[in-house]
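Need the 3D shape of this:
(2 chains)
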There are 2 protein chains.
Amino acid sequence: MTTAISPTTLALGEYPQGPAPLPSWNEGSAKQSIIDFVRAVTTTGHPHFVKPEERIAVFDNDGTLWSEMPAYFQLAFVFDRLKALAPQHPEWKDKPLYAAVLQGDMKAVAAGGLRGLLELATVTHAGMTTDEFAKIAEEWIATARHPKFNRPYTDLIFQPMLELLAYLRANGFKTFIVSGGGVEFMRVWADKVYGIPPEQVIGSSIVTKFEMVGGVPVLTRLPELNFMDDNVGKPVAINMHIGRRPIAAFGNSDGDLQMLQWTTAGTGSRFALLVNHTDSVREYAYRVSTLGKLNVALTEAKAEGLDCRGHVDLCIQLPTKYRTHLPECAEIFKDEIRLERLAKDHP
Amino acid sequence: MTTAISPTTLALGEYPQGPAPLPSWNEGSAKQSIIDFVRAVTTTGHPHFVKPEERIAVFDNDGTLWSEMPAYFQLAFVFDRLKALAPQHPEWKDKPLYAAVLQGDMKAVAAGGLRGLLELATVTHAGMTTDEFAKIAEEWIATARHPKFNRPYTDLIFQPMLELLAYLRANGFKTFIVSGGGVEFMRVWADKVYGIPPEQVIGSSIVTKFEMVGGVPVLTRLPELNFMDDNVGKPVAINMHIGRRPIAAFGNSDGDLQMLQWTTAGTGSRFALLVNHTDSVREYAYRVSTLGKLNVALTEAKAEGLDCRGHVDLCIQLPTKYRTHLPECAEIFKDEIRLERLAKDHP
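Okay, the predicted model is just below:
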């Protein structure tokens, strides 16, 4: 035993590192920057050390943990639900938006915009108890298939992100989903697929109402939006549900910008990353799509010291290869953006 | 080594029990019923075994974990804030409700009812960022004193409930607060006082708004109610924040009835308890008060199989002595109600 602690020992942090982390990530500055960050916040005595209970990491879901193309996967659920419910709603044939879905006219559906999609989502997600909805969502996710890959949607998750979740957890982080997706839709499978338990899944929601039905207390789902967990809603939801400012945030589109801003504006060392999908052959190129746009966020993140308030000390964009869960697209090219404060600014 | 496991070994459950649990609780059926429940749900192979991740216990705060008399402690904070802000609001002198607070006329304040109190709460809790509010609440809780006991409010917590929290946690439970109190007010001190981290505190809230102020992303608190976490709101909030049905719930007033109903209506073994404060000398007798009434909940809990949907198989009311954190009131008499399903009904 010696009282002197070598830098190497310190660099290991207080958690056992186990096998080399992030094996599916390319060697490069993206991977290295994550490892450097994690070592800093987990190493006792390091100026950026963070107590385990404050190691909160937040992840967008659509486009960050799993694919969101050709459209948010939950939309496929909405459309399937609408078709299943149509026989009970003959009046839908006379409603252009509903008829468009029933006829598979996705152009007309898209013309209804986000407002139209939200209406379809609330209508198809309401009218049952929370227990009944969970069962419906569970059955759907087990049987539905992605149109391009012909696989369950829960297969279309990104292996590097699974490794990142595991790596952070092994280092004492609590990992949360903060998604625009429906919270009760995601909770059905998020634990099994990502190892993220229901109480760490934050999402959009419709109004639920407690009532006694036949002497049984139930929560009935109403066709009314309760909360939209996107854009400016993400920091609001993080504050409401977690009550601590995360120290790391991961997203892929403009809807994640405010979450990244909120995270990186805290004191100490902060880490944020935007995944930019650019491979239209093996997966999809997202920036050219109408959904999940990566435009403002990328531009603002690039403009050092603007949206990130002078706290972006390192704002790099590196082409890097990610492997996915899919053998078919074993290497998806992505760019990544890293926003991190410098130690000297935030003692 | 022997393959036979004695019933005694099984009864110890999968978690080490440590010293005898609940030392401040009277020996009796209340204490015994909690221990029996915990042993059942933590003993591998027991028909009522519950996986650790599903061992969710929810606690009301006011009147359950700490006292709520002579009025909800947060109201003292509201009144102190109003007085501190009054110089900047000369117009308040002409508003009867506000003037009543400034003049200390609590009868007139009470005449404003819950609606009036809510207005005062939102006005005094808004107009600053979430970070600023946390600082204000932190300073207040550190310096304010209870009018009867002349001690910090955080001293007025119930020792038996602290032991219950610790006992449940030692047995793999995750403990949550589900309170009508303000979520951001409670989070400031709940971790220090109860060992309940911010992400496990659920409460009422006002609207917050994400905005960039001088290039800094902030959450600004607006004078508008966002969610009232009481009565029917409690199961809604539990579902929204936790996404699992608790297996144990603890409350003290009518506002907790729906939370207890929601909890006990789940499958398997469920535990619910209502604390009834009856000692007006050493603490307060709550049932006679206007706030924190225990009326409907007690009556309904007593009426076996009514509000509890035939699932109340055991509904007992036992006088029992609790010790509190206060030496001055070392023994507070409380009644307790226990609602528990029978094993045979819920395999």
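
Can I take it that residue A:172 is in a helix?
No. With the criterion set as DSSP: H, G, I helix; E, B strand; the rest coil, the secondary structure at residue A:172 is coil rather than a helix.

Find the closest residue to chain B in the stretch 201-347 of chain A.
Taking C-beta to the nearest C-beta as the measure, the stretch 201-347 of chain A has residue A:243 as its residue closest to chain B, at 3.1 Å. To be clear about C-beta, it is placed using only N, CA and C from the backbone, and glycine gets the same treatment.

my guess is that residue contacts residue B:202, does it?
No. With the criterion set as C-beta atoms under 8 Å, residue A:243 and residue B:202 do not qualify as a contacting pair; they are 9.7 Å apart.

who touches both of those two?
Overlap between the neighbourhoods of residue A:243 and residue B:202 consists of residue B:183, taking contacts as C-beta atoms under 8 Å, 6 or more residues apart in numbering or on different chains.

and whichever strand or helix holds residue A:115, what does it pack onto?
Using DSSP states H and E, residue A:115 falls within helix A:113-125. Taking 3 or more C-beta pairs under 8 Å, 6 or more residues apart in numbering or on different chains; DSSP states H and E as the contact definition, the neighbouring helices and strands of helix A:113-125 are helix A:73-85, helix A:96-102, strand A:216-227.

one more time with 6 Å, if that's ok
Counting contacts by 3 or more C-beta pairs under 6 Å, 6 or more residues apart in numbering or on different chains; DSSP states H and E, helix A:113-125 is packed against helix A:73-85, strand A:216-227.

Would you convert those into a markdown table that also reports distance to residue B:123, mean neighbour count and mean pLDDT?
Formatted as a markdown table, the helices and strands packed on helix A:113-125 follow (distance: least, C-beta to C-beta, whole Å; neighbours: other C-beta atoms under 10 Å in any protein chain shown; pLDDT from 0 to 100):
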| stretch | distance to residue B:123 | mean neighbour count | mean pLDDT |
| --- | --- | --- | --- |
| helix A:73-85 | 39 | 19 | 96 |
| strand A:216-227 | 24 | 17 | 95 |
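
Now the ones you listed in JSON lines, please, with extra columns for distance to residue A:207.
Shown next, in JSON lines, are those (distance: least, C-beta to C-beta, whole Å):
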{"stretch": "helix A:73-85", "distance to residue A:207": "17"}
{"stretch": "strand A:216-227", "distance to residue A:207": "4"}
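
mind showing which ranges of the stretch 151-300 of chain A have poor pLDDT?
In the predicted model of the stretch 151-300 of chain A, residues A:278-282, A:285-292, A:294-300 satisfy pLDDT under 70.

What residues does the stretch 201-347 of chain A have near chain B?
Proximity of the stretch 201-347 of chain A to chain B is confined to A:208, A:210, A:215-217, A:219, A:232, A:235-236, A:239, A:242-244, A:258, A:261-262, A:265, A:309 under the rule C-beta under 6 Å from any C-beta of the partner chain.

quick one on the thing from earlier: how about the residue of the stretch 201-347 of chain A closest to chain B, phi and psi?
Taking degrees, to the nearest 10, you get phi 70, psi 10 for the backbone angles of residue A:243.

which ones are touching it?
With contacts defined as C-beta atoms under 6 Å, 6 or more residues apart in numbering or on different chains, residue A:243 is in contact with B:187, B:198, B:199.

likewise residue A:129?
When contacts are counted by C-beta under 6 Å, 6+ apart, residue A:129 touches A:218, A:220.
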